[in-house]
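> the following block contains a protein sequence and its predicted model.
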Amino acid sequence: MAPPSDSQVLDLARLLEDPQTRIIVCCGAGGVGKTTTAAALGVWAAEHGRRAVVLTIDPARRLAQSLGLTELDNIPRPVAGIDTTAGGSLDAMMLDMKRTFDEVVEQHAAPDKAAQILANPFYQAVSSSFAGTQEYMAMEKLGQLRTEAARDGRWDLIVVDTPPSRSALDFLDAPKRLGSFLDGRFIRLLAAPAKAGGRAGLKVLNVGVGVVTSTLSKVLGGQLLQDVQTFVAALDTMFGGFRERADQTYALLKDSETAFVVVAAPERDALREASYFAGRLDEEEMPLAGLVVNRIQRVAAPSLSAARAVAAADELADRDGSASGATTQALLRLHATLAETAVRQQRLTAGFAAGHPGIPMVEVPASAQDIHDLAGLREVASALTTREPAALRR
């Protein structure tokens, strides 16, 4: 199959240099290198004059290690070792889901009500482990960073590494799901006694609610039910705020200042997921910049095919039994394995390009070792920002 043409090369250098690009969202399936990609983009941008902050949702803390930070938490921290001669800077942070939820409560509720919510046992459980909370809080934190950037100019670029969810686009769906939970019939029913109490016109309703509450009390336990009711009643005034901020962040993600970068590995399943992500982004009218294909295998002698390498190894085995001959045979067979992998990956990525002719792509060669420092991130950034077609780099 034909390799990508010049018009299909994803020009991330131009994207990062454009002052109108304010947010880059890296999304994709788990384990494809989103965190490394986000960090590398942040390093390149900072060393080319942007004031960047990288927000990771990756609990493995690989970003902290590669950026030379001893810790990474909910507070943006400056990254040392960045070349600032172009006037740029780089901060990095890792989402603390519970702390972000606490911040939302503290910022958008009266002090007494905030204290009541924060001390509530049901809130403490929800803020730490409720399904979808991490993705929703990632949206909240992105909104906070963008507001701070607009207010004081601390950053002019935010790079987001989306959560390692089964579907990376849970990041987009989470506000809707969490809102549905908070507005759900069950939660509203639990809140009804606190909200309906004292209203003469709701006596009949209260009788029905009382029966349900009595049943739930037996199932859940009286204290747990009381905690849930107290939590929902306290949080009720914040429902509109949740929804409003979610709508604002969602609109921000659709804005021209945002660019989504889908990250994939050169494997069938990962590219299938990438195709799904691209389709969803198109449906949601989100601005897709293009696809990054990580860990592409390169071979030192591309003209030597796998079949020829195996044949040469077999021939050498028949006529040379020395130690050096055995070493050469091993190298030839290793080359054959790598060449087969390279051909398979090339076929898969070319197939994706043929099926998605409108999506620009850039390929990042597989590294011989784990990326664990700024030097490694700079190598990845160099591959990400190349303007050379992949065909010329093979």
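Looks like it arrived, so ask away.
> care to break the protein down by domain?
Per automatic domain parsing, the structural domains of the chain span 6-173+246-299+352-393, 306-342.
> and the first one, how far out from the chain middle?
Using Cα atoms, centre = their mean, to the nearest Å, the mean C-alpha position of domain 6-173+246-299+352-393 is found 5 Å from that of the whole chain.
> likewise for the shortest one?
Averaging C-alpha positions (Cα atoms, centre = their mean) puts domain 306-342 41 Å from its chain's average.
> what residues sit buried inside it?
With burial defined by 16 or more other Cβ atoms under 10 Å, the residues of domain 306-342 counted as buried are 306, 309-310, 312-313, 316, 328-329, 332-333, 335-336, 338-342. In this view, the C-beta of every residue, glycine as well, is placed from N, C-alpha and C.
> now, these that are in helices?
Counting by DSSP state H, the part of the buried residues of domain 306-342 found in helices is 306, 309-310, 312-313, 316, 328-329, 332-333, 335-336, 338-342.
> what segments of the stretch 1-150 of the chain are helices?
Using DSSP state H, counting those that start in this stretch, the helices found in the stretch 1-150 of the chain span residues 12-17, 34-46, 62-66, 97-108, 111-119, 121-129, 133-152.
> for Ala86, give me the pLDDT.
In this prediction, Ala86 carries a pLDDT score of 97.
> quick one, grab the pLDDT at the residue nearest to it when sequence neighbours are not counted.
The shortest distance from Ala86 to any non-neighbouring residue, by Cβ to Cβ, 6 or more residues apart in numbering, is to Gly49 (4.0 Å). What the model reports as pLDDT for Gly49 is 97.
> over to Glu257?
96.
> do the same with the one 5 residues further on
Here the pLDDT value assigned to Val262 is 94.
> can you classify it by secondary structure?
Following DSSP: H, G, I helix; E, B strand; the rest coil, Val262 is assigned to strand.
> residues touching it, list them.
Shown in contact with Val262 (Cβ atoms under 8 Å, 6 or more residues apart in numbering): 27-28, 274, 277-278, 281, 288, 290-292.
> tell me what it is bridged to.
Note on Val262: beta-bridge partners by DSSP bridges are Cys27, Leu291.
> and it, how far from Val25?
Look at Val262 and Val25: by Cβ to Cβ, to the nearest Å, they are 9 Å apart.
> nearest residue to Arg50 other than its sequence neighbours?
In space, Arg50 is closest to Leu157, 4.6 Å off (Cβ to Cβ, 6+ apart).
> for that neighbour, the count of nearby residues, please.
Per other Cβ atoms under 10 Å, the neighbour tally for Leu157 reads 24.
> same question for the one 3 residues further on.
For Val160, the neighbour count with other Cβ under 10 Å is 28.
> if anything else comes up later, I'll come back, but that's it for now.
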